[in-house]
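>>> coordinates only, no sequence provided:
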């Protein structure tokens with residue numbers, strides 16, 4: 001399997017594959033590349049609907065040029081205190097970020113979420129995130145606010161009276177239950193529209209069907225989350 005950066009020809013093949021409606025895995029198979037490489041390439045350069053091979057190639061060259069300017073000659077990635085391969089961890093964090101973006105998160109929210117996920121402590125302050133990601137405090141604050149609203153993270157005050165954010169072992173359960181509640185709220189709002197628009201009218205029938213569908217989905221999500229936590233949860 002070839003390694004190194006994607007060539008301009010490979011990027012053109014990716015663009016053609018996207019135009020033909022192929023999945024990332026199929027495009028990667030044709031290029032003999034990991035699926036994560038293709039996924040990261042597309043999401044970093046506009047997403048599947050806006051990807052342009054020429055623009056992606058120029059952007060990659062520009063990023064590489066900036067890294068060469070920023071890094072002193074002969075500089076190497078410093079070793080991690082935990083003994084892990086720093087390059088491998090960084091690449092995995094980028095892959096995880098891309099997957100979170102595909103699930104609907106903004107890029108910054110996905111980056112923050114990835115930081116929490118790969119942290120052994122599962123705990124970071126806003127200032128630690130700013131330093132780690134090299135972004136503005138406002139960007140981190142906005143991402144944290146969204147993650148809190150979806151119950152991905154929780155906030156506590158530490159001994160220095162700083163806000164510290166935590167990702168728990170039950171993160172996916174809490175998130176799924178929050179999704180179930182949000183879906184149930186959509187169902188309830190749809191049912192309210194039936195009386196407003198008049199029972200039996202096309203719009204009211206549409207809303208009634210929507211409400212029934214979303215009720216079923218909400219109940220299914222909650223039931224599946226409870227069953228999964230009971231069966232699969234490990235300490």
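Nice, thanks for sending it over. All figures in this text were calculated on a predicted structure; none of them were measured in a lab.
>>> could you use CA atoms for every contact and neighbour count after this?
Noted.
>>> in which helix or strand would I find residue 132?
helix 126-133 (DSSP states H and E).
>>> correction: the previous question concerned residue 223.
When elements are assigned from DSSP H and E, residue 223 belongs to helix 202-232.
>>> about what we covered before: and the next helix or strand past the helix holding residue 132?
Proceeding N to C from helix 126-133, the next assigned helix or strand is helix 137-149, under DSSP H and E.
>>> tell me what that following helix is packed against?
Applying 3 or more CA pairs under 8 Å, 6 or more residues apart in numbering; DSSP states H and E, we find helix 137-149 packed against helix 107-118, helix 126-133.
>>> just want the angle from the longest one to helix 126-133.
Computed with axes from the mean of the first three to the mean of the last three CA atoms, to 10 degrees, the direction of helix 107-118 lies at 100 degrees from that of helix 126-133.
>>> quick one: mean pLDDT over helix 107-118.
The average pLDDT for helix 107-118 rounds to 90.
>>> who's in contact with it?
Outside of helix 107-118, the residues within contact range by CA atoms under 8 Å, 6 or more residues apart in numbering are 93-94, 96-98, 100-101, 122-124, 129, 133, 139-140, 142-144, 146-147, 166-167.
>>> the shortest one too?
Helix 126-133 is contacted from outside by 111, 112, 115, 136, 137, 140, 141, 163, 164, 165, using CA under 8 Å, 6+ apart.
>>> and that helix with helix 137-149, angle?
110 degrees.
>>> hmm, back to that, return the distance of the helix holding residue 132 from the chain's centre.
Helix 126-133 sits 18 Å away from the centroid of its parent chain (CA atoms, centre = their mean, to the nearest Å).
>>> how about it: buried residues?
Neighbour counts over helix 126-133 (16 or more other CA atoms under 10 Å) mark 126, 127, 129, 130 as buried.
>>> between those residues, which is nearest residue 186?
Residue 186 lies nearest to residue 126 out of the buried residues of helix 126-133, by CA to CA, at 32.4 Å.
>>> the closest one and residue 163: what is the separation?
As judged by CA to CA, to the nearest Å, residue 126 and residue 163 stand 7 Å apart.
>>> likewise residue 187?
Distance, residue 187 to residue 163, using CA to CA: 35 Å.
>>> who has more neighbours, the two?
Neighbour totals were compared for residue 187 and residue 163, and residue 187 leads with 23 against 16 (other CA atoms under 10 Å).
>>> list the contacts for that one?
By CA under 8 Å, 6+ apart, the contact list for residue 187 reads 210, 211, 212, 213, 214, 215.
>>> which element, helix or strand, includes the nearest residue to residue 49 once chain neighbours are set aside?
Spatial nearest neighbour of residue 49, excluding adjacent residues (CA to CA, 6 or more residues apart in numbering): residue 18 at 7.9 Å. Here residue 18 sits within helix 8-19, counting by DSSP H and E.
>>> what does the next helix or strand after that helix rub up against?
Next helix or strand after helix 8-19 toward the C-terminus (DSSP H and E): helix 24-31. Contact partners of helix 24-31, identified using CA under 8 Å, 6+ apart, comprise 10, 13, 14, 17, 34, 35, 37, 38, 39.
>>> top of those residues by neighbour count?
residue 14 leads those on contacts (other CA under 10 Å) with 26 neighbours.
>>> distance-wise, check that one relative to residue 86.
Distance, residue 14 to residue 86, by CA to CA: 29 Å.
>>> please apply the same query to residue 204.
57 Å.
>>> which one's more surrounded, these two?
Applying other CA under 10 Å to residue 204 and residue 86 shows that residue 204 carries more neighbours, namely 20 against 15.
>>> and the gap between that one and residue 59?
Going from residue 204 to residue 59 by CA to CA gives 49 Å.
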